[in-house]
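1. next come a sequence and a model predicted from it.
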Amino acid sequence: MATVAALFLARAQSRAGDWSEHSLRVQILLTGLTDHVRAIESEHRGYVLTRSPAMKANLNKLADEIDPSLDRLAFEVSDNPLQISNVARLRRAIAAKLAFARQGVVAADAGEQRGETSRIETGEGVRRMKVALTIMQQMVNEEERLLSERRRQTDLLVQGLGLMLVGAVLITLVAAAVVINDSVRRESEILKARDEALAAGAALRDQMTARENAEEQMRQMQKMESIGQLTGGIAHDFNNMLAIVIGSLDLARRRLGDPDRLLRYIDNAHEGAERAAALTARLLAFSRQQPLAPLTVDVNKLVASMSELLQRTVGEQYMVETVLAGGLWRTFVDPSQLENAVINLAVNARDAMPEGGHITIETANAYLDDDYARSRGDVTPGQYVMLSVTDTGTGMSADVIAKAFDPFFTTKPVGKGTGLGLSQIFGFMKQTGGHAAIYSEPDHGTTVKLYIPRHIGQIADTRSRPAISEAVVPTARPGETVLVVEDEQRVRHFSVDALRELGYVVISAANGSDALKALGEQPSITMMFTDIVMPEMNGRKLADAALKIRPDVKVLFTTGYTRNAVVHNGMLDAGVAFLPKPFSVTQLGVKVREVLDGKGANRPI
């Protein structure tokens, strides 16, 4: 009984759906014909007034589409004699309207535009249109009446079948009550055993998943550790060599007279060495091992101060616009590295718009919630300051976005990019505790967003570091003696020569033991300039031992790569004065002067 009732019920509902679909098709056809008739009237009037060939073509097209539409309508209502009669009336009414319109077109083409305008103003065309529209409305009303009647009949059938189905279900329940009563007990025992087995299986799967995740994380950590160690080793040796190249060329350039050609060659070598140093810095940034000197920073002020520099960098054919949020939170970030990131992004935006375009730099307060963090495993939920750079350039595909932060990946032509710009920004953001994201569509531009953690706490001094002039370098004052400690002989010789060039009395030592001995024997030493990575005793341990002997001596650290001696979690230790290798005579002179004057110990930038 239940099966028979269900079959009849499904059939009734199917037929009801068919009739509804049929009525909807008829109404759609009538709506389309209504639009056609109205459009014929509009195109007729428009052509008489404007003689537009496009309107005449549209009128002819509408006339050609009328008969196929009427044929489809006649096919849909072929089961209803009243609607068949209405279709015939509608054909005559529309034919009369078309004849009136075509007669008007012929008259207008014959130059009888004024007479045709008068004929239109009599309202004959509108009257013929209304006759057709009235017939179509009558057909719509008839379809709605038929649909209502069929739904009423279907509802009665469904109600009866539903009662029959309920009765069948009740009979089935009574017949099965005795069997179910006995089956419940045995089923509960089976379910209990099944649940215990499922729980054990789920626990085993969870353990396996956790182990796989832990192994994957371990592999990722080992991979990144290997890359970091490789980068650190390259940076240490490479920067030592670059220190010799840049320092020696700088000294040679200072001793030259007028030989312009030789000076140009030395300048080229100097530029190449500095580019190599920049490449090393990018490698360190990618491996998240560059020494950062973070400060409390107002990002709005930083962006505003860079506006002129950015405009000069990208060129006059690009419009640089800044949209700075009010009430922006402060951040704790290395401002020089953040400036480099903004410049890198602006240059990338410029390169994506070879014909010129618009670059927008925007700031805002942002909150990354748990859902966002879960979808990106390296993001910590919380409050951030968002800094974005948007261009109107060529955009990126999804495949390019997926690889954009990979080191040495670039879509620029050979010689136009190293592929380290975005990876450097990515490493800098991760080392700062932030997040970087790219949003782009081909031919719609690109937006790169940097999320920098909000800083809540004491606001550090945000005074700007004075610009370094290559022409005027601070020199020594009377009685200032510097102890240079460096295990690499050529680097040590360069440092000694550079400091003597600046007027300092210089004493050198090749290791920590010699340095401590010199401190004990030479009370005139006012500052120790020491490498960090040295055998037997590193620079930090040497500084601790030296300060016990001479608490008044100033210490300036230098290295091409350091990880734990004076840098922890990517940040310089408090009170540490640091000059990264390679450095020029100018940079050395400025930093030594800052330290001797008590301004160089990780002071705010």
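-> Received it, and whenever you're ready, just let me know what you need.
2. check which helix or strand covers the nearest residue to Ala543 once chain neighbours are set aside.
-> Of all residues not flanking Ala543 in the chain, Val555 sits nearest, at 4.7 Å (CB to CB, 6 or more residues apart in numbering). Backbone N, C-alpha and C define where each C-beta goes, glycine included. Using DSSP states H and E, Val555 sits in strand 554-559.
3. packing partners of that strand?
-> Applying 3 or more CB pairs under 8 Å, 6 or more residues apart in numbering; DSSP states H and E, one finds that strand 554-559 makes contact with strand 525-531, helix 539-549, strand 578-580, helix 585-596.
4. C-alpha coordinates for that strand, PDB please?
-> Presented in PDB, the C-alpha positions along strand 554-559 are these (Å, rounded to 0.1, in the frame of the first residue of the first chain):
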ATOM      1  CA  LYS A 554      83.100  51.400  24.000                       C
ATOM      2  CA  VAL A 555      82.400  48.300  21.800                       C
ATOM      3  CA  LEU A 556      81.400  48.200  18.100                       C
ATOM      4  CA  PHE A 557      80.600  44.800  16.600                       C
ATOM      5  CA  THR A 558      80.900  43.800  13.000                       C
ATOM      6  CA  THR A 559      80.400  40.700  11.000                       C
END
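5. the inter-axis angle of that strand versus helix 539-549?
-> Relative orientation of strand 554-559 versus helix 539-549 (axes from the mean of the first three to the mean of the last three CA atoms, to 10 degrees): 170 degrees.
6. how about low-confidence regions in the stretch 251-400 of the chain?
-> By pLDDT under 70, the weakly predicted segments of the stretch 251-400 of the chain are 251-265, 267-272, 274-293, 377.
7. all strands of it, in order?
-> Secondary structure of the stretch 251-400 of the chain by DSSP state E, counting those that start in this stretch: the strands cover 295-297, 318-323, 331-333, 357-368, 382-391.
8. Val485: which of these is closest?
-> For the strands of the stretch 251-400 of the chain, the distance to Val485 is smallest for strand 295-297, at 28.7 Å, taking CB to CB.
9. adjacent strands (with direction) for that closest one?
-> For strand 295-297, the paired strands and their directions (DSSP bridges) are strand 331-333 (antiparallel).
10. contacts for the partner strand next, please.
-> Pro294, Leu295, Thr296, Val297, Val299, Val385, Thr432, Gly434, Ile452, Pro453, Arg454, His455 (CB atoms under 8 Å, 6 or more residues apart in numbering).
11. run the last query once more with 6 Å
-> Pro294, Thr296, Val297, Val385, Thr432, Ile452, His455 (CB atoms under 6 Å, 6 or more residues apart in numbering).
12. any idea what the nearest residue to Trp329 once chain neighbours are set aside is bridged to?
-> In space, and not counting its chain neighbours, Trp329 is closest to Arg454: 4.4 Å by CB to CB, 6+ apart. For Arg454, the beta-bridge partners under DSSP bridges are Thr331.
13. can you tell me how far Arg454 sits from Pro381?
-> Distance from Arg454 to Pro381, counting by CB to CB, to the nearest Å: 12 Å.
14. for those two, indicate the residue with more neighbours.
-> More crowded of Arg454 and Pro381, by other CB atoms under 10 Å: Arg454, with 17 against 13.
15. can I assume Val299 is in contact with Val385?
-> Yes: under the contact definition of CB atoms under 6 Å, Val299 touches Val385, with a separation of 5.5 Å.
16. in contact with the residue most central in space within the chain, which residues?
-> Centroid-nearest residue in the chain, with CA atoms, centre = their mean: Ile438, separated by 2.0 Å. Counting by CB under 6 Å, 6+ apart, Ile438 makes contact with Ile401, Ala404, Val448.
17. now tabulate the residues you listed in TSV and tack on neighbour count and distance to Gln103.
-> Formatted as TSV, the contacts of Ile438 follow (neighbours: other CB atoms under 10 Å; distance: CB to CB, whole Å):
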residue	neighbour count	distance to Gln103
Ile401	16	63
Ala404	22	67
Val448	22	66
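18. what's the longest helix in the protein?
-> With secondary structure taken from DSSP state H, the chain has its longest helix at helix 124-255.
19. what is that one packed up against?
-> helix 2-50, helix 81-109, helix 260-286, helix 489-501 (3 or more CB pairs under 6 Å, 6 or more residues apart in numbering; DSSP states H and E).
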